[in-house]
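J.: take a look and give me a structure for this.
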Amino acid sequence: IRMRARTKFEFITSEDLKAVLHTEIGDANWGNGAGAFGTDGIGIEVKELYVDFNWPDTDVNIKAGLMGVALPSNFGSPVLDDDFATLNITVPFNDMFTMVAGFARFRDDQSNTANNGYDADGGILEEDEFDALYLVGVISGDGFTIQPYFVFAWLGADADYVANNNANARTDEIVNPWWL
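T.: Numbering: from 1, shown residues only. Coordinates of the predicted model:
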């Protein structure tokens, strides 16, 4: 028997402000690993942790923190569909058009490297971020919705963007991929 628990807490102060904490506990198989005799090894994973608020006297919604974001797609976005640290701003202009803009930080190796932010020679990794800006337009009409998007990302020259602490994954220059 395999078990896990997913809990989601919403700390609501008003209809315009709330904090969300979504955790996952477990992935334990009975009699094996975390589900074996002496089961003190079950870990807690934070799935989402963000603040969600509406700008006063407007329909603008702002979310900031760790959360899931997926670009529009019928079968799951091949470009962006995961949990990460982001600032997400939704602005409804009218009943037919809404704009979503966001900033995402996928990685910052300064805090994730085995050398605590230093390269092999002892120099500080300054261009070690993997960031992105995304923009989604939601256009709705009678019986249809179109959601074009644009994503621009930048990978610092010292960014480790394939695997943790994999020196072969680094590039010697800043890379700027984009998707439309």
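J.: all the strands of this structure, residue numbers only.
T.: Counting by DSSP state E, the chain has strands at residues 2-14, 17-29, 44-54, 61-70, 81-92, 97-108, 129-141, 144-146, 149-155, 178-179.
J.: Gly38: which of these is closest?
T.: With Cβ to Cβ as the criterion, Gly38 lies closest to strand 17-29 of those, at 12.5 Å. (C-beta placed from N, C-alpha, C; glycine too.)
J.: output stretch 76-86 in CSV, but only the C-alpha positions, please.
T.: Taking Å, rounded to 0.1, in the frame of the first residue of the first chain, the C-alpha atoms of stretch 76-86 are listed here in CSV:
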residue,chain,number,x,y,z
GLY,A,76,0.0,20.7,-21.2
SER,A,77,2.5,23.4,-22.1
PRO,A,78,5.8,22.2,-23.6
VAL,A,79,7.3,25.6,-22.6
LEU,A,80,6.3,26.3,-19.0
ASP,A,81,4.3,24.1,-16.7
ASP,A,82,5.8,23.6,-13.3
ASP,A,83,6.2,25.0,-9.7
PHE,A,84,8.7,27.8,-9.2
ALA,A,85,9.2,31.2,-7.5
THR,A,86,7.3,33.8,-9.3
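J.: so which bits of that stretch are buried?
T.: By 16 or more other Cβ atoms under 10 Å, the buried positions in stretch 76-86 come out as 77, 79-80, 85-86.
J.: stretch 22-30 too?
T.: Buried, per 16+ other Cβ under 10 Å, within stretch 22-30: 22, 24, 26, 28.
J.: point to the residue nearest the middle of the chain.
T.: With distances taken as Cα atoms, centre = their mean, the residue of the chain nearest its centroid is Phe84 (1.7 Å).
J.: coming back round to it: would you reformat the strands of the chain as TSV and include mean pLDDT?
T.: As requested, the strands of the chain are exported to TSV (pLDDT from 0 to 100):
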stretch	mean pLDDT
strand 2-14	92
strand 17-29	88
strand 44-54	93
strand 61-70	93
strand 81-92	92
strand 97-108	89
strand 129-141	90
strand 144-146	92
strand 149-155	85
strand 178-179	66
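J.: output those strands as CSV; include the columns distance to Phe37.
T.: Shown next, in CSV, are the strands of the chain (distance: least, Cβ to Cβ, whole Å):
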stretch, distance to Phe37
strand 2-14, 16
strand 17-29, 12
strand 44-54, 21
strand 61-70, 34
strand 81-92, 33
strand 97-108, 38
strand 129-141, 42
strand 144-146, 53
strand 149-155, 46
strand 178-179, 49
